[in-house]
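Enquirer: Predicted coordinates and the sequence they were generated for:
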Amino acid sequence: MSTATLDSDRITRTRAVERLVTGQATSDGAGVKLTRVLTQNLQRRLDPFLMLDAFGTDNPDDYIAGFPAHPHRGFETVTYMIAGRMRHKDSAGNEGLLTNGGVQWMTAGRGVIHSEIPEQEEGRMEGFQLWLNLPAKDKMIPAWYRDIPSSEIPEARFDGGTVRVIAGESRGVRGAMQRDGTQPVYLDIHLEPGARFEQSLPADHNAFVYVYRGGLSIGETVVPVQRMAILANTPTADGVVLEAGAEPTRALLIAGRPLGEPIAQHGPFVMNTQAELIQAVRDFQAGKLV
């Protein structure tokens with residue numbers, strides 16, 4: 001793991017919180033219980049992000065069946081495991097084990113069928129899955145994936161905390177992944193009580209913060225645990241400032257350049273037109289998503 005200790009980004013005007021969002025309890029796969037934080041009605045507002053699921057439980061009945069084989073086309077999935085072990089297999093012959101602190105970045109592109117099955121029968125399973133849209137020109141590229149163990153995620157230390165840089169850049173530290181089209185920033189920020197974190201962001205990029213331990217403030221707004229704060233796109237703001245409350249805090253900061261393209265979704269397929277969706281379903285039924 002590469003670790004650097006660097007000064008703050010020195011934000012002169014922080015973005016404000018546009019609104020707070022409470023996730024929706026649901027289940028997916030073969031009955032895995034989770035919270036859908038970024039729901040379909042927020043896709044336009046948070047373009048290029050399509051979905052964020054948070055899962056976390058000590059009860060094996062809530063996760064043991066996992067996500068049996070299912071298809072995807074037209075976007076990327078980013079799975080970040082906080083605790084637990086998940087086995088990935090796909091129709092391209094790839095296989096990997098996602099463990100504590102690791103990330104799997106999968107580009108579905110023109111199509112892939114994969115499964116994600118827990119490789120544990122007890123203990124805690126906790127993490128996140130983010131869906132990141134692909135530009136129209138890239139939706140039919142070959143499928144690809146990368147397992148990124150915890151040791152390969154760069155970190156930057158600062159007074160009162162640490163930031164794990166999964167994608168993009170923070171405090172001069174380049175993240176494990178980069179994407180030219182959407183320019184995603186994906187940070188896992190660990191703050192001691194009362195600590196402050198600053199991150200520069202382009203004014204036109206959509207951004208949100210999800211608190212999964214403790215609590216923090218952004219400007220005048222308190223963001224409690226298990227809440228998502230959508231950040232306002234203020235033209236004069238140069239980033240965001242997070243300030244932890246009275247207990248240790250962990251939060252995800254996610255931002256990206258909006259694509260501004262039509263979004264057509266049918267379950268695990270995300271394209272730009274209804275005709276492309278119909279073709280995706282036909283290709284799946286014909287066994288062509290391999």
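Expert: Received the coordinates, thanks.

Enquirer: alpha carbons only for contacts and neighbour counts from here, please
Expert: Noted.

Enquirer: Pull up the gap between the closest residue in space to residue 60 that isn't next to it in sequence and residue 70, please.
Expert: Leaving aside its chain neighbours, residue 60 sits nearest to residue 122 (5.6 Å; criterion: CA to CA, 6 or more residues apart in numbering). If you measure residue 122 against residue 70 using CA to CA, to the nearest Å, the figure is 24 Å.

Enquirer: Which parts of the stretch 151-290 of the chain are strands?
Expert: When assigned using DSSP state E, counting those that start in this stretch, the strands of the stretch 151-290 of the chain occupy the ranges 155-158, 161-167, 169-170, 173-174, 185-191, 196-200, 206-213, 216-218, 221-223, 227-231, 239-244, 249-256, 264-266, 269-271.

Enquirer: Dump the ones you listed into TSV; add mean neighbour count as well.
Expert: Conversion of those to TSV gives the following (neighbours: other CA atoms under 10 Å):
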stretch	mean neighbour count
strand 155-158	21
strand 161-167	23
strand 169-170	24
strand 173-174	18
strand 185-191	23
strand 196-200	20
strand 206-213	22
strand 216-218	21
strand 221-223	19
strand 227-231	22
strand 239-244	23
strand 249-256	23
strand 264-266	15
strand 269-271	23
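
Enquirer: any chance of these in CSV, with distance to residue 22 and mean pLDDT too?
Expert: Shown next, in CSV, are the strands of the stretch 151-290 of the chain (distance: least, CA to CA, whole Å; pLDDT from 0 to 100):
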stretch, distance to residue 22, mean pLDDT
strand 155-158, 29, 97
strand 161-167, 24, 98
strand 169-170, 27, 98
strand 173-174, 31, 98
strand 185-191, 19, 98
strand 196-200, 23, 97
strand 206-213, 10, 98
strand 216-218, 15, 98
strand 221-223, 11, 98
strand 227-231, 5, 98
strand 239-244, 19, 98
strand 249-256, 15, 98
strand 264-266, 23, 97
strand 269-271, 24, 98
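
Enquirer: Over to the residue nearest to residue 60: give its phi and psi.
Expert: When quoted as degrees, to the nearest 10, the phi and psi of residue 122 stand at phi -160, psi 170.

Enquirer: which residues does it contact?
Expert: 58-60 (CA atoms under 8 Å, 6 or more residues apart in numbering).

Enquirer: Got a quick ChimeraX command for the buried subset of those?
Expert: Here is the ChimeraX command that selects only those of these that count as buried (16 or more other CA atoms under 10 Å):
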select :60
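
Enquirer: Dump the contacts of residue 122 into JSON lines; add pLDDT as well.
Expert: As requested, those are exported to JSON lines (pLDDT from 0 to 100):
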{"residue": "58", "pLDDT": "94"}
{"residue": "59", "pLDDT": "94"}
{"residue": "60", "pLDDT": "92"}
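
Enquirer: Out of the contacts of residue 122, which comes closest to residue 220?
Expert: The closest of these to residue 220 turns out to be residue 58 (CA to CA; 34.4 Å).

Enquirer: Skipping adjacent residues, who's closest to that closest one in space?
Expert: Closest residue to residue 58 in three dimensions, ignoring its sequence neighbours and counting by CA to CA, 6+ apart: residue 124, at 4.3 Å.

Enquirer: Next, work out how far apart the one you found and residue 85 are.
Expert: Using CA to CA, residue 124 is found at 9 Å from residue 85.

Enquirer: out of these two, which sits in the more crowded spot?
Expert: Neighbours per residue (other CA atoms under 10 Å) separate residue 124 from residue 85, with residue 85 holding more: 22 against 16.
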